[in-house]
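> Turn this into a structure:
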Amino acid sequence: MSKNSSIEWTDDTWNPVRGCSKVSPGCKNCYAETFAERFRGVPGHPFEQGFDLRIVPWKLLEPLHWSESRKVLVNSMSDLFHEEVPDWYVVAAFKVMAAADWHTYQVLTKRHARMRKMLQTDLGFAAKLPHVWWGVSVENRKHGLPRLDCLQKCDVAMRFLSCEPLLEDLGTISLDGIGWVIAGGESGPRSRPMQKERVTSLGNQCEAAGVPFFFKQWGGFPKGKFGCELDAKEYKAFPPMPQGSVPTLSQRRTIEAELQKQLQVVGNLDQAA
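Prediction:
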């Protein structure tokens, strides 16, 4: 299903920011941190600095180099709305998304308050773009449901939820204005178990509300041991995809040249990763 990513609900990942910090229980066994820290101190490696947060300006224009439409998870190795990422850099990333509109961008955050604040100010230009999807993590009631409530108050074209790892039964929730729900268990040697009732409850609510439901995995270790079937059926629904036409190479180069002029303030866009 995916092209260049092991994450089943996307095609590729784009990481103009690397590194993050923990904000809620869903972060406890972060796969991105585990991966990044393996390479701390390795000279020349993209994660030579481990999971320390840093912006990566030379990655900003990467989506312009992809010549076919992709579903793109933004910052699989970070959170674009992390408090240490400057506002101007967040805006720069969304300007790239706005320009490279033949892709569909899945922007997922646990920093819902900052996302909403920026949508009301600097990111207003991106709010209604149909190819930019705005999502929040909903791993439990205490931390996840306030994110859901905040997302529903954001005036955007497309909203989605990532309920992974689904750490408890969310109860009855409002899915008003939500266009997609992803659910899954935690993987890895320290993974926390997930009961079937949590998934069934969420899936049933999605069905009743007419919201596409994507069940990624039961989790556990090794990752694929328990599969992704729920009552002998797989749930891999997607919302309708925007139909963007891919510009020619010449057109993409023109777009890139214009963006380079706009984004010079962010630093070296040509440095090798």
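> In three-state terms, label residue 97 for me.
With DSSP: H, G, I helix; E, B strand; the rest coil as the basis, residue 97 sits in helix.
> Which residues are in contact with the residue nearest to it when sequence neighbours are not counted?
Closest residue to residue 97 apart from its sequence neighbours, by Cβ to Cβ, 6 or more residues apart in numbering: residue 105 at 4.8 Å. In this view, the C-beta of every residue, glycine as well, is placed from N, C-alpha and C. By Cβ atoms under 8 Å, 6 or more residues apart in numbering, the contact set of residue 105 is 14, 72, 74, 97, 131-133.
> Please list the residues outside whatever helix or strand residue 144 lives in that contact it.
Applying DSSP states H and E as the criterion places residue 144 in helix 141-152. Under the criterion Cβ under 8 Å, 6+ apart, residues 23-26, 110, 112-113, 115-116, 134-138, 159, 161, 163, 168, 170-171, 173-174, 176-178 lie in contact with helix 141-152.
> Repeat the analysis, applying 7 Å as the threshold.
Residues from elsewhere that reach helix 141-152, judged by Cβ atoms under 7 Å, 6 or more residues apart in numbering: 24-25, 110, 112-113, 116, 134, 136-138, 159, 161, 168, 170-171, 173-174, 176-177.
> now the helices: where do they sit in the stretch 101-250 of the chain?
Secondary structure of the stretch 101-250 of the chain (DSSP state H, counting those that start in this stretch): helices located at 112-119, 141-152, 196-209, 249-262.
> circling back to that earlier point, now render the contacts of residue 105 as a markdown table, adding neighbour count.
Output for the contacts of residue 105, formatted as a markdown table (neighbours: other Cβ atoms under 10 Å):
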| residue | neighbour count |
| --- | --- |
| 14 | 25 |
| 72 | 25 |
| 74 | 26 |
| 97 | 20 |
| 131 | 22 |
| 132 | 23 |
| 133 | 24 |
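> hang on, the earlier thing: so which of the helices of the stretch 101-250 of the chain gets nearest residue 92?
Of all these, helix 249-262 sits nearest to residue 92, with 8.1 Å by Cβ to Cβ.
> Let me see the backbone angles for residue 13.
phi -120, psi 150 (degrees, to the nearest 10).
> Which residue is the nearest non-sequential neighbour of it?
Going by Cβ to Cβ, 6+ apart, residue 13 has residue 76 as its nearest residue, at 4.0 Å.
> Okay, and that neighbour sits in which element?
Short version, using DSSP H and E: residue 76 is in no helix or strand.
> wait, it sits on residue 17?
No: counting by Cβ atoms under 7 Å, residue 76 stays clear of residue 17, with 10.4 Å between them.
> So which of these two has more stuff around it?
Between residue 76 and residue 17, residue 17 has the larger neighbour count (other Cβ atoms under 10 Å), namely 25 against 19.
> How many residues are close by residue 190?
10.
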